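Chemist: Kindly generate the corresponding structure for this input.
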Amino acid sequence: MARELTTKARAGMFLKRGGIVATIIGALFLGSPVRAQAQDEHAGHDHAQPAKAQQDPAEKAKKKKEREEARAAGEKEPKADKPATAGSVKDAVPAGPLSSNVKAVVDAMTYDFGEVWAGPLLKHAFKITNQGTEPLEIRGVKPACGCTAAGESPKVIKPGETGEFPFSLKSETLNGKFSKSIDITTNEKDNSKIKLTLQGVAKQRIELSTPSISFGSLKSTDSVEKTITIKNNDEKPLELTLTGVNEELPYKTELVEKEPGKLYELRVVTVPPLKEGTHNGEVKLATNFEDKKEIPIRINAVVPPRLALRPPSIVYNSRLPKYPVRLTNNGDAPVKVTEASVNDERITAKVTETSPGKIYTIEVEFPSEFVVPEESDIALTLKTDDKEQPTLTVPIKAPPKPPLREPEKLVGKPAPSFSLVSTDGKPVSNDTLKSGEGPIVLNFWAADCGFCKLQMPRLEKLHEQYSGKNVRWVNVASKRAKAFTEDEIKEFVKANNLNAELVIDLENKAAKEFKVQSYPALFVLGKTGNVEKCVLGNAGTLEGDLKKTLDQLLGLSTTASAPKTDADKPAPPAEGAKPGTDTKAAAANGAKPGDAKASPETKASPESKTNP
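Modeler: The predicted structure follows:
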């Protein structure tokens, strides 16, 4: 059965959407491991969606008409920039059929405040009369701007009656012509949406040519002057006093009265030498106007390094194999990059001179499946002919770790108290660890978890690899959203050649103790009884993480140059998936355990949140 799979993944701060179609036959176990980072980003989402069926054109047109009527009836209003602070929007009459027997008549669709001083709260109430024969229902009152607030208004206007709709408009920031719209939705068939307008011309008593001063990017030797003009539009003479000057900032400020009581200039000059970095400051102008006693003026400037590297460090992301680093010479003398190298021979660096002596681009390229150690000393080094800075360094860092989830917080602590029995009658508990048994790999899964189906075959290969090494492999079948019988689970396990011990815990008793909220969730328990490792979801690092932990617990030697086993290699892509993509299984809804929706780390449904 075909399914449309929609995936959301972060790459920096960007959103990417894609669809892949997989064919599910019986209990499907095809797929490739998903990268750990993508896994974390998808955790808790169920992305499998049914494919869209072809719709009859006449039926499609009918539904389109119904949607338009529903919108006209106010069932789905567009979002305002900001919600109104008061009014009847949330208390509006629920949408129903439209009526031809109501008629809303507004006293005036537009109200003009004329020329007003900015500052005071502007108020006006529109009047709407129902000239129909049936009650006029008010289904929505929505100002388009957060600066406009709706007051209390009627929900229903009886035939022949008039209702008032008060609004208030904040005017502090208005300057010049303004126009603010308001939508009122009713049950009138021919005029379900009434658009009202508040307009006028706002005058600032004290008008600034610009509210702040920005010098932008400067050199350390720059002395630059900028000016703000302060104009008094009131008849009352304006008195200004310069206050709040920070003497530590590299600015010299001066307030000059150009026309007594009417026009001032604030002059700001940078005072070299300017230190590298950002210089943010603020001065204040005290006034003799009661409604505007103080005017803050922000000032900022940036002095970049003479030789500036952007970015100053590389945070490696496996999905971005190439990173451009830009070197900009902000000094007067030309600088030449003579060499670029990385202290890891697997990483290459290529230099391109974009602007001779001024701008260089260094492309840093990483090999596939490269991993930056947590404590990394890897860095890009640039050699130049500059006497003061002959060497520049760009550290290469591992991405920051996401915050630990509840099951991961158990690592390093004694395992929660649990007592299970496998389908073969063997006990699995804290006591079995105390009896000197080897490490236990405890894997919580659910039959309707798509990514359990991707993880478990990978786990089975590791199980085979560690055969005879005193490691117990236990798959704990838990209940997620859909209930399966024990026979269905056993049939599923048998059909997919899963040879690890099986525990059926459909009451999720053990899963609760281990704080499992999503599946799959794997724990490695050591002989000491502690949780040594936790791997959530179908993580791309599953094999490496698990082998490292088990080898340490078993006292086996591991070397970085050891050849990869089949378990270390990525699984082949699922049928229908494009090469190079992270494969996610999509499956049909059905009664069999093999039919399930897939997600990188399938989150429990509301029902299973109470039975994690």
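Chemist: can you count the residues close to the closest residue to Asn317 other than its chain neighbours?
Modeler: Spatially, and ignoring its direct neighbours in sequence, Asn317 is nearest to Pro399 (6.3 Å; C-beta to C-beta, 6 or more residues apart in numbering). For every residue, glycine as well, the C-beta is placed using N, CA and C. Here the number of neighbours of Pro399 (other C-beta atoms under 10 Å) works out to 12.
Chemist: and the gap between Pro399 and Thr432?
Modeler: Using C-beta to C-beta, to the nearest Å, one obtains 38 Å as the distance from Pro399 to Thr432.
Chemist: go on, Gly438?
Modeler: Taking C-beta to C-beta as the measure, Gly438 and Thr432 are separated by 10 Å.
Chemist: Can you report phi and psi for the residue lying farthest from the centre of the chain?
Modeler: Checked against the mean C-alpha position of the chain, the extreme residue using C-alpha atoms, centre = their mean is Pro260, at a distance of 53.6 Å. Reported as degrees, to the nearest 10, the phi and psi values for Pro260 are phi -50, psi 120.
Chemist: hang on, isn't it packed against Leu240?
Modeler: No. Judged on C-beta atoms under 8 Å, Pro260 makes no contact with Leu240 at a distance of 11.3 Å.
Chemist: who does Gly176 bridge with?
Modeler: Ala202 (DSSP bridges).
Chemist: thinking again about what came up before, tell me the contacts of the nearest residue to the residue farthest from the centre of the chain once chain neighbours are set aside?
Modeler: Counting by C-beta to C-beta, 6+ apart, Pro260 lies nearest to Pro237, which is 7.1 Å off, once chain neighbours are set aside. If you count contacts by C-beta atoms under 8 Å, 6 or more residues apart in numbering, Pro237 has them with Pro260, Gly261, Lys262.
Chemist: a helix runs through Pro237, doesn't it?
Modeler: No. Assigned with DSSP: H, G, I helix; E, B strand; the rest coil, Pro237 falls outside any helix and is coil.
Chemist: What does the pLDDT read for it?
Modeler: The per-residue pLDDT reported for Pro237 equals 96.
Chemist: Look up how far Val256 lies from it.
Modeler: Taking C-beta to C-beta, one finds Pro237 at 16 Å from Val256.
Chemist: what does Phe215 give?
Modeler: Taken as C-beta to C-beta, the spacing of Phe215 relative to Val256 amounts to 19 Å.
Chemist: do Leu380 as well
Modeler: When distance is defined by C-beta to C-beta, Leu380 is 51 Å away from Val256.
Chemist: Which one of those two is surrounded by more residues?
Modeler: Using other C-beta under 10 Å, the more surrounded residue of Leu380 and Val256 is Leu380, with 23 against 10.
Chemist: doesn't Phe366 make contact with the more buried one?
Modeler: No. Using C-beta under 8 Å, Leu380 is not in contact with Phe366; the gap is 11.3 Å.
Chemist: Are there residues contacting both of the two? Which ones?
Modeler: Shared contacts of Leu380 and Phe366, counting by C-beta under 8 Å, 6+ apart, come down to nothing at all.
Chemist: what about the nearest residue to Leu198 once chain neighbours are set aside, neighbour count?
Modeler: With C-beta to C-beta, 6+ apart as the criterion, Leu198 has its nearest non-adjacent residue at 4.7 Å, and that residue is Lys180. Residue neighbour count, defined by other C-beta under 10 Å, stands at 18 for Lys180.
Chemist: helix, strand or coil for Gly544?
Modeler: The three-state assignment at Gly544 reads helix, by three-state DSSP.
Chemist: What ranges in this structure fall below the confidence cut-off?
Modeler: Confidence mapping of the chain against pLDDT under 70 gives the ranges 1-95, 557-612.
Chemist: one more time with 80, if that's ok
Modeler: Counting by pLDDT under 80, the ranges of the chain that qualify are 1-96, 433-438, 557-612.
Chemist: mind giving me the domain split of it?
Modeler: 78-191, 221-225+236-303, 318-397, 406-557+565-570+601-609 (automatic domain parsing).
Chemist: Between the two ends of the shortest one, what distance do you get?
Modeler: Start to finish, the residues bounding domain 221-225+236-303 are 10 Å apart (C-alpha to C-alpha, to the nearest Å).
Chemist: on that earlier part again, just put the domains of the chain in a markdown table and tack on distance to Leu198.
Modeler: Formatted as a markdown table, these follow (distance: least, C-beta to C-beta, whole Å):
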| stretch | distance to Leu198 |
| --- | --- |
| domain 78-191 | 5 |
| domain 221-225+236-303 | 21 |
| domain 318-397 | 49 |
| domain 406-557+565-570+601-609 | 44 |
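Chemist: Tell me which of those sits most buried.
Modeler: Burial among the domains of the chain, expressed as mean neighbours by mean count of other C-beta atoms under 10 Å, is greatest for domain 406-557+565-570+601-609, which shows a mean of 19.
Chemist: Now do it: distance to the chain's middle.
Modeler: Mean-position distance between domain 406-557+565-570+601-609 and its chain equals 31 Å (C-alpha atoms, centre = their mean, to the nearest Å).
Chemist: ok, the nearest residue to Lys275 once chain neighbours are set aside - contacts?
Modeler: Distance criterion C-beta to C-beta, 6+ apart; nearest residue to Lys275, sequence neighbours excluded, is Val303 at 6.5 Å. Listed by C-beta under 8 Å, 6+ apart, the contact set of Val303 reads Ser217, Leu218, Lys219, Ser220, Leu274, Lys275, Glu276, Gly277, Thr278, His279.
Chemist: ok, now how distant is Val303 from Asp222?
Modeler: Distance from Val303 to Asp222, counting by C-beta to C-beta: 8 Å.
Chemist: Thr287 now?
Modeler: Taking C-beta to C-beta as the measure, Thr287 and Asp222 are separated by 32 Å.
Chemist: how far away is Glu115 from Asn233?
Modeler: For Glu115, the distance to Asn233 - C-beta to C-beta - is 11 Å.
Chemist: Quick check: neighbours shared by the two?
Modeler: The overlap between the contact sets of Glu115 and Asn233 (C-beta under 8 Å, 6+ apart) consists of Lys203.
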